[in-house]
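[1] When you get a sec, could you give me coordinates for this:
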Amino acid sequence: MKKFIILNRKIHYWLSLAVVLPFTVVVLTGVLLLLKKDWAWVQPPTQKGSARVPVLSFEKIYNISHNTKELEIQSWNDIERIDFQPRKGIAKIQTKNHWELQIDMHTGSVLHLAYRRSDVIESLHDGSFFHEYAKYAVFLPSALAVAVLLLSGMVLFIYPLYRKQTRQSARSEYDVSA
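    Residues are numbered from 1 along each chain as shown. Predicted coordinates for the structure are as follows:
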């Protein structure tokens, strides 16, 4: 058992050294992603339009987006996605350069324009920011290593308590029989 505990400590020690950087990135970006709806710096707050009935055509949405210089839209290929929210009466146009434009789907007026950092933070969080395969070559093994660290840490925590308990029970047996 003593050899197992020594090996467990070595594994815990060296594995923690190997995962410290990717794990730190995952934890810090995870905190930012948890707060993305509460912090406008991460993700722009969703506005409300004037009516729930959308009347704008795709052509009109494109023209409004194209005329907003920050978005740098030259063609439909520059648009990453359009998020329609009929209950709020808006459309969010998200571009490949990470800007977000929110427009009123009834009047066509621009409700909000801001840089959207949540997508960049998410790519940092899963490792794809660094390289397409970084999430499989670095972040996935690091996640598995953290699972091993969790288990070895539990052993490091529980084993001394177990030893203390067995010593105390052995002493109490000795005291009772005397």
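
[2] From here on, just use CA atoms for contacts and neighbour counts.
    OK.

[3] per the record, what domains does this structure have?
    What automatic domain parsing lists as the domains of the chain is 1-38+125-163, 44-116.

[4] Nearest the geometric middle of this protein, what residue?
    Centrality entry for the chain: nearest residue to the mean C-alpha point is G30, 3.8 Å, by CA atoms, centre = their mean.

[5] Helix, strand, or coil at that one?
    Per DSSP: H, G, I helix; E, B strand; the rest coil, the local secondary structure of G30 is helix.

[6] Quick one, grab the pLDDT at S118.
    Note on S118: pLDDT of 95.

[7] Over to S177?
    In this model, S177 is scored at 55, pLDDT.

[8] Which strand or helix spans H112?
    Using DSSP states H and E, the element containing H112 is strand 110-115.

[9] sorry, back to before: secondary structure element for the nearest residue to the residue nearest to the centre of the chain once chain neighbours are set aside?
    Nearest non-adjacent residue to G30, counting by CA to CA, 6 or more residues apart in numbering: H125, 6.6 Å away. Secondary-structure element containing H125, defined by DSSP H and E: helix 118-126.

[10] which residues are contacting that helix?
    25-26, 29-30, 32-33, 36, 42-43, 98, 129-130, 135, 139 (CA atoms under 8 Å, 6 or more residues apart in numbering).
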